[in-house]
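Novice: only geometry, no sequence info:
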């Protein structure tokens with residue numbers, strides 16, 4: 001009996017070792033559905049990472065990433081792609097619903113996915129990278145000025161060569177060495193993803209170099225995507241029985257009868273999404289700057305300082321992960337300081353107008369508008385600038401009125417005021433002015449109780465004259 005059990009055990013081990021690498025996807029009965037709707041940033045990257053971790057912990061058979069995005073930040077996109085490439089669970093990217101797009105960063109994520117699917121009337125492409133932080137530097141020697149004859153001959157030969165190269169390669173010639181580096185890096189990255197997933201490599205290069213786009217039907221014909229589905233149930237039906245290479249071996253998807261479970265972002269992800277919204281970050285910056293300034297000019301108020309410090313720290317955290325132009329940030333801070341300084345160092349609008357101009361220019365420069373979804377709406381900048389302008393006009397008007405008011409203290413106030421003679425005198429005596437007794441001199445004899453006008457103040461001596469003179 002023992003020999004029989006030992007032989008049965010050895011036979012079982014041999015059968016397990018002889019098992020082929022192909023196996024069903026999993027016995028799990030759920031599909032985790034993630035949703036990207038909008039620009040891809042740090043919050044979206046965090047949300048995707050959380051969703052993938054939850055799918056692994058719960059043993060989901062599949063992760064579907066439903067996507068509609070205009071693009072986003074390169075760092076966040078690459079973090080998502082790294083998660084997809086390292087995932088032990090198949091990730092299906094589905095551009096949906098109809099009318100959605102997978103532009104720019106969305107194209108890279110679509111190429112990196114194990115299965116790329118699109119709904120009808122959707123598109124992908126425009127994968128050309130944009131440069132953050134201004135124009136690129138010219139090539140070495142670009143500022144050198146050759147002679148007119150040399151320049152003319154060089155321009156003609158260069159135009160012919162560039163036109164020939166562009167015609168042969170079907171792509172525009174980059175304008176600088178830096179642009180070529182950025183574009184070539186993006187081309188190599190997307191081509192490597194296309195080769196990994198067996199998708200159209202040539203069109204991937206065109207999407208980067210030329211910003212090419214494709215609708216869903218043409219993308220399927222060009223082998224850029226794997227299938228077209230109307231909705232998630234149709235997608236699951238088409239995925240059933242599809243073989244995928246995952247890790248070291250192949251798996252066969254069994255998607256019939258699977259339950260779709262939606263994964264919603266938690267409060268931390270929602271908070272991160274709010275903070276990293278460029279408009280919110282911009283508002284937090286302004287509240288932080290003015291809160292600290294008001295606390296500095298009114299020590300002990302407490303609330304402006306506390307609120308300003310919290311808002312400023314949140315804004316700086318958001319700027320750490322957003323495409324911020326630091327020259328614009330410096331101009332905003334300078335503008336706020338100049339507007340506040342106008343209230344303490346009246347310059348009849350010079351400081352205030354300069355601060356307002358710096359504030360507007362800095363606000364426009366603060367975020368790179370070429371990154372989709374990461375810019376401040378111009379109406380918001382205009383509204384804040386308008387309010388700041390009204391405050392500035394109000395301060396100038398108040399200072400102007402204060403300048404026209406009569407002096408109510410000091411020597412200037414005493415000159416021209418009325419005093420009363422206590423005892424008559426011919427040249428020097430005593431008068432009462434504002435409840436005080438003053439020594440006075442006159443060139444006209446005065447009598448007791450007579451009212452006189454102060455014409456000059458000389459230290460503690462008043463020069464007076466009769467009021468009716």
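Specialist: Yep, it's here. Everything numeric in this text was worked out from a predicted model, so none of it was measured.

Novice: Looking at residue 204 now. What's its pLDDT?
Specialist: Residue 204 is assigned 91 on the pLDDT scale.

Novice: Pull the number of nearby residues for it.
Specialist: 26 (other Cβ atoms under 10 Å). The way it works is simple: take the backbone N, C-alpha and C, and place the C-beta from them, glycine included.

Novice: And the strands in the stretch 351-469 of the chain?
Specialist: Remark: strands assigned in the stretch 351-469 of the chain by DSSP state E, counting those that start in this stretch are 418-421, 428-433, 436-441, 451-458, 461-466.

Novice: Which of the ones you listed sits closest to residue 365?
Specialist: strand 451-458 (55.5 Å; Cβ to Cβ).

Novice: show me what contacts residue 35?
Specialist: Residues in contact with residue 35 (Cβ atoms under 8 Å, 6 or more residues apart in numbering) are 65-67, 262.

Novice: just the helices in the stretch 1-150 of the chain please.
Specialist: Ranges of helices in the stretch 1-150 of the chain, per DSSP state H, counting those that start in this stretch, are 2-17, 42-58, 74-86, 105-112, 148-169.

Novice: picking up where we left off before, compile the contacts of residue 35 into a markdown table and extend it with columns for distance to residue 37.
Specialist: Output for those, formatted as a markdown table (distance: Cβ to Cβ, whole Å):
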| residue | distance to residue 37 |
| --- | --- |
| 65 | 11 |
| 66 | 8 |
| 67 | 8 |
| 262 | 13 |
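
Novice: Buried by neighbour count, from those residues: which ones?
Specialist: 65-67 (16 or more other Cβ atoms under 10 Å).

Novice: Filter the residues you listed down to just the ones in strands.
Specialist: Among the buried ones among the contacts of residue 35, DSSP state E puts 65-67 in strands.

Novice: now residue 281, nearest residue through space, not along the chain?
Specialist: Closest residue to residue 281 apart from its sequence neighbours, by Cβ to Cβ, 6 or more residues apart in numbering: residue 318 at 3.8 Å.

Novice: ok, now how distant is that neighbour from residue 268?
Specialist: According to Cβ to Cβ, to the nearest Å, residue 318 and residue 268 sit 15 Å apart.

Novice: now residue 397
Specialist: Per Cβ to Cβ, residue 397 is found 48 Å from residue 268.

Novice: Make sure residue 211 is indeed in a strand.
Specialist: No. Membership of residue 211 in a strand is not supported by DSSP: H, G, I helix; E, B strand; the rest coil, which gives coil.

Novice: can I assume it is in contact with residue 129?
Specialist: No. Using Cβ atoms under 8 Å, residue 211 makes no contact with residue 129, being 10.2 Å away.

Novice: Can you pick out the residue with more neighbours from these two?
Specialist: Per other Cβ under 10 Å, whichever of residue 211 and residue 129 has more neighbours is residue 129, with 19 against 14.

Novice: Verify the stated contact: the more buried one with residue 184.
Specialist: No. Between residue 129 and residue 184 no contact is recorded; they are 10.2 Å apart, counting by Cβ under 8 Å.
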